[in-house]
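A.B. asks: Sequence below, structure please.
(chains A and B)
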Number of protein chains: 2
Amino acid sequence: MIDHRPSCIVLGGGGFLGTNLCRRLASSGYRVRAFGRSCQFREALDHVEWYHGDFSDTVAMAAAIETHEIVFHLIHATTPQSANLDMVGDLQQNVASSLALFDICRNSGVKRIVYVSSGGTIYGPSTQIPTSETAPTDPITAYGVGKLAIEKYLALYAHLFGLDYRILRVANPFGPFQIPLKNQGVIAALISRALRNEPIEIWGDGSAVRDYIYVDDVVTALEKAMFDQSNFRIFNIGSGHGRSLLQVIAAVQPLLNTEIKIEWKHGRPVDVPVSVLSIERARTILGWTPSTCFEEGLHLTLDWWRSIEKSK
Amino acid sequence: MIDHRPSCIVLGGGGFLGTNLCRRLASSGYRVRAFGRSCQFREALDHVEWYHGDFSDTVAMAAAIETHEIVFHLIHATTPQSANLDMVGDLQQNVASSLALFDICRNSGVKRIVYVSSGGTIYGPSTQIPTSETAPTDPITAYGVGKLAIEKYLALYAHLFGLDYRILRVANPFGPFQIPLKNQGVIAALISRALRNEPIEIWGDGSAVRDYIYVDDVVTALEKAMFDQSNFRIFNIGSGHGRSLLQVIAAVQPLLNTEIKIEWKHGRPVDVPVSVLSIERARTILGWTPSTCFEEGLHLTLDWWRSIEKSK
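C.D. replies: Numbering: from 1, shown residues only, chains lettered A, B, ... in the order given. The predicted structure follows:
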């Protein structure tokens, strides 16, 4: 049990979730170090110590982790698309590097690892909707298999070495600081393209249902996961509601002054048709509940994009 | 659907299970190639083509697989003990090499991969006894995590590339050609040490319950897995009955003329207390059932050991 305000390191602190998490932790008074290869919004992390390093560089990672007590592991070097193109590379970059991280953690004073897993890819297509944490895990992308292997190794390190951990299987987060990169972040892509009057490529027919969750709520769940003392280790984090891509587009369109131009592309085999998470465990055990509704989240995201466009 | 007698390659054909499988396939009239780094009983494989190669050598593996239609994947370079000592190495040697194998298979004329997984380590400690294929998979050894990752990648290759496969989660096999190596094969160890009047080291207090299955029955299941046309992919292969180590010792002792001398050692964290498989699915779907009872299997194993000792 941690009875003081622990020092935190956020691996992947320069990315979308990481930037939001670091800002929250810093404003809550935690000592925070962000570790990563690149920092997308350096000025947004002015109260956070930035530590430049590569996840595959064990020496840099060990030096960065030092005396930190909580390790937020948010790094994943691939995407659901890219991982399938080089599965051995994916395994090496993500799973092997995570094992090296766990070794560093068990040999230092780390009290807990909080790992961000993938609620959207880890279950696969044949599960009950909404999907609970006990559902079968049959990923249809190497990205999901890698995340699952990392989860299993975390449980193994806890069993063998007593390394404490929590896993959050996060649905589709959206919000400020999300950049539409490598085919991820459809809401960010919709808004940013529309603001620039550019068309957006969308795979499938718009029927794919996802569980969109505003990033602030994910960050709150990550904060709560630091202190959870239950016997549970894995928590779904989503809104608990499904929205088709067509519904998302219909919700974003009226907020904009321009028309969203879509170029429809054929569906991809890495996409499951429906992904909606059951979040009962997080509600009951973590005392967490999403507090920002989808429409409010869209407004906040759009405000952020407009502030970014203005400052250019 | 394969409507002729397919050509088979057995990866790990020089090991315990592999030797037994190759002999059966050859005597049933199949064209068989055995691939591996070492062959423990070369003379036992006189009707089998031996192809020397390392599992991590992609070029050798591709050359060996050539035009074979069925690939039996029996290679695992580590043991439940050794895998925990170098998890990254384990991942590299077993999981990454299996991915390279699957790429070779999907780019050649391979019709099906039959993979031997681990019924004893893949489920972990907290499951129902006897354990069915749908039980949670929470291994407490890196060996089990690696096997699980390979299973998941097989399902992924089937989804993405149509590569057909079956997985047999085999319990604790025993029988001829099993050499007590690297802390595996307790029955082989009991017999061979006793015949030489040597003491045997045993971890734990003898209460650990395992599901022992005679190797001929496992080989029959592997043969059946070649032709299964069901929608199932994973089958437990065991006796369906549990025996404590003390019970095994008590069953072996009266068959020997000498006393088994045991040096008891402290238990190991990689051992689950009880592992017994439910084999209903294999019974129903494969039409398979174990035909050699435990005592009969012990007799046959002892006969083989005596023939080996005599021929020295």
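A.B. asks: separation between A:Arg166 and A:Pro136?
C.D. replies: 21 Å (Cβ to Cβ, to the nearest Å). To be clear about C-beta, it is placed using only N, CA and C from the backbone, and glycine gets the same treatment.
A.B. asks: So which of these two has more stuff around it?
C.D. replies: Ranked by neighbour count (other Cβ atoms under 10 Å in any protein chain shown), A:Arg166 and A:Pro136 place A:Arg166 first, with 22 against 13.
A.B. asks: Just confirm that one is within a strand.
C.D. replies: Yes: using DSSP: H, G, I helix; E, B strand; the rest coil, the assignment for A:Arg166 is a strand.
A.B. asks: can you count the residues close to the closest residue to it other than its chain neighbours?
C.D. replies: With sequence-adjacent residues excluded and distances taken as Cβ to Cβ, 6 or more residues apart in numbering or on different chains, A:Arg166 is closest to A:Ala225, at 4.3 Å. Other residues lying near A:Ala225 total 24 when counted by other Cβ under 10 Å.
A.B. asks: Which neighbouring elements make contact with the longest helix that chain A contains?
C.D. replies: If you go by DSSP state H, chain A has its longest helix at helix A:142-161. Identification of packing neighbours for helix A:142-161 by 3 or more Cβ pairs under 8 Å, 6 or more residues apart in numbering or on different chains; DSSP states H and E yields helix A:80-83, helix A:87-90, helix A:97-106, strand A:112-118, strand A:165-170, helix B:142-161.
A.B. asks: Tell me which of those approaches A:Asp54 most closely.
C.D. replies: Across the helices and strands packed on helix A:142-161, A:Asp54 has its closest neighbour in helix A:97-106 (8.9 Å, Cβ to Cβ).
A.B. asks: For the closest one, give the mean pLDDT please.
C.D. replies: The average pLDDT for helix A:97-106 rounds to 97.
A.B. asks: For that helix, name the packing helices and strands.
C.D. replies: Here helix A:97-106 touches helix A:58-65, strand A:70-73, strand A:112-118, helix A:142-161, helix B:87-90, going by 3+ Cβ pairs under 8 Å, 6+ apart.
A.B. asks: Give me the contacts around that helix.
C.D. replies: A:11, A:55-56, A:58, A:61-62, A:65, A:71, A:73, A:75, A:77, A:110, A:113, A:150, A:153-154, A:157, A:161-163, B:87-88, B:91 (Cβ atoms under 8 Å, 6 or more residues apart in numbering or on different chains).
A.B. asks: same thing with stretch A:272-283?
C.D. replies: A:119-121, A:123-125, A:129-133, A:140, A:169, A:171-172, A:207-211, A:221, A:232, A:235-242, A:288-290.
A.B. asks: just the buried members of those residues?
C.D. replies: The neighbour count (16 or more other Cβ atoms under 10 Å in any protein chain shown) marks A:119-121, A:123-124, A:130-131, A:133, A:140, A:169, A:171-172, A:208-211, A:221, A:235-242, A:288, A:290 as buried among these.
A.B. asks: which ones among those residues are found in strands?
C.D. replies: Applying DSSP state E to the buried ones among the contacts of stretch A:272-283, the entries found in strands are A:169, A:172, A:209-210, A:235-237.
A.B. asks: Looking at these, which is nearest B:Thr19?
C.D. replies: Among those, and counting by Cβ to Cβ, the member closest to B:Thr19 is A:Arg169, at 43.3 Å.
A.B. asks: and the residue nearest to that closest one when sequence neighbours are not counted, what does it touch?
C.D. replies: Leaving out its chain neighbours, the residue that sits closest to A:Arg169 by Cβ to Cβ, 6+ apart is A:Gly119, at 3.9 Å. Contact analysis of A:Gly119 by Cβ under 8 Å, 6+ apart lists A:131, A:169-171, A:211, A:236-238, A:275, A:277.
A.B. asks: A:Asp86: neighbour count?
C.D. replies: Neighbour tally, A:Asp86, other Cβ under 10 Å: 14.
A.B. asks: same question, A:Gly13
C.D. replies: Neighbour number of A:Gly13 under other Cβ under 10 Å is 29.
A.B. asks: And for A:Gln128?
C.D. replies: A:Gln128, neighbours per other Cβ under 10 Å, totals 12.
A.B. asks: What parts of chain A come near chain B?
C.D. replies: Neighbours of chain B within chain A, by Cβ under 8 Å from any Cβ of the partner chain: A:84, A:87-88, A:91-92, A:95-96, A:99-100, A:134, A:136-142, A:145, A:148-149, A:152-153, A:155-156, A:159-160, A:269.
A.B. asks: all helices of the stretch 151-300 of chain A, in order?
C.D. replies: Assigned by DSSP state H, counting those that start in this stretch, the stretch 151-300 of chain A shows helices spanning A:186-195, A:215-225, A:245-252, A:280-281, A:294-310.
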